[in-house]
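Enquirer: Here is the input, now give the coordinates:
(2 chains)
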Amino acid sequence: MPERWETLFDRAIEYEVDEAAVEAALAEVRDE
Amino acid sequence: MSEADPSPARIVADSDVLAADLLVDSDARDCLDQIRSHSWLTLVASDPLLDDAEAVIGQLADPALATDWRNRIEELREPVDQPAGDHPALASALNGGAMHVLSFDERLTGPTGNTMVRDRVETAVRTPDAFARLFDAGKLYPEVVGGKYPGADRDPRD
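Expert: So this is what the prediction gives:
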């Protein structure tokens, strides 16, 4: 049984990620 | 996984938007909440699109969260094929009949990008904040489903 979205969001908070970091990480992933 | 007829109820979120939905409480989450809240909206995604988002989540958070996110998103998305080498979001829209693509990529969301995209796909590429401003489930419901909009029919946090 997959975790609830709410639980996943709660777990993600601690990483304090912003949109710029997401964009940079995806550019890196797609360049590989 | 055959090509679907284009529909405004079929939506692609690029890998950056999917990762931002999980990792950043922002417009991306507002957009995905629309899909999670309405059973008649469909999130279309190829495996490579989800692979990229999972890699981003694993890199910025941790692999366990990325795996659990993948298990959850697999239940939400409708899978579509993707030819090797195609852009994951555009290929998902083309093969999945999605008339909305959400992306942070300015090469796709700008006028030039949208013109290039429309040459191939009957779709509009928007940033999540633009989509959140424009998208109205209540207005779309009579066209897609028919009848009076009954409101959300799913818990977006479930």
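Enquirer: what about the longest strand along chain B, average pLDDT?
Expert: Ranked by number of residues, the top strand in chain B under DSSP state E is strand B:7-13. Strand B:7-13 shows a mean pLDDT of 97.
Enquirer: in that strand, what counts as buried?
Expert: B:7, B:9-13 (16 or more other Cβ atoms under 10 Å in any protein chain shown). (Glycine included, C-beta is placed from N, CA and C.)
Enquirer: now check the very next helix or strand once past that strand, is it near chain A?
Expert: Counting by DSSP states H and E, the element after strand B:7-13 in chain order, helix or strand, is helix B:15-23. Yes: for helix B:15-23 and chain A, the contact criterion (Cβ under 8 Å from any Cβ of the partner chain) is met by B:15-16, B:19-20, B:22-23.
Enquirer: looking at chain B, which helix or strand does the model trust least?
Expert: Lowest on mean pLDDT, DSSP states H and E among the helices and strands of chain B sits helix B:111-118, with a mean of 74.
Enquirer: Which elements pack onto the host helix or strand of B:Ala91?
Expert: Using DSSP H and E, B:Ala91 maps to helix B:88-96. In terms of contacts (3 or more Cβ pairs under 8 Å, 6 or more residues apart in numbering or on different chains; DSSP states H and E), helix B:88-96 is packed against strand B:7-13, strand B:42-46, helix B:47-60, strand B:77-80, strand B:98-102.
Enquirer: deepest of the ones you listed, which one?
Expert: strand B:98-102 (a mean of 26; mean count of other Cβ atoms under 10 Å in any protein chain shown).
Enquirer: So what's the residue count around the closest residue to B:Glu106 other than its chain neighbours?
Expert: Spatial nearest neighbour of B:Glu106, chain neighbours left out: B:Gly113 (7.4 Å); criterion: Cβ to Cβ, 6 or more residues apart in numbering or on different chains. Neighbours of B:Gly113 under the rule other Cβ atoms under 10 Å in any protein chain shown: 16.
Enquirer: Surely B:Gly113 is in contact with B:Arg107?
Expert: Yes: B:Gly113 is within contact range of B:Arg107, at 5.0 Å (criterion: Cβ atoms under 8 Å).
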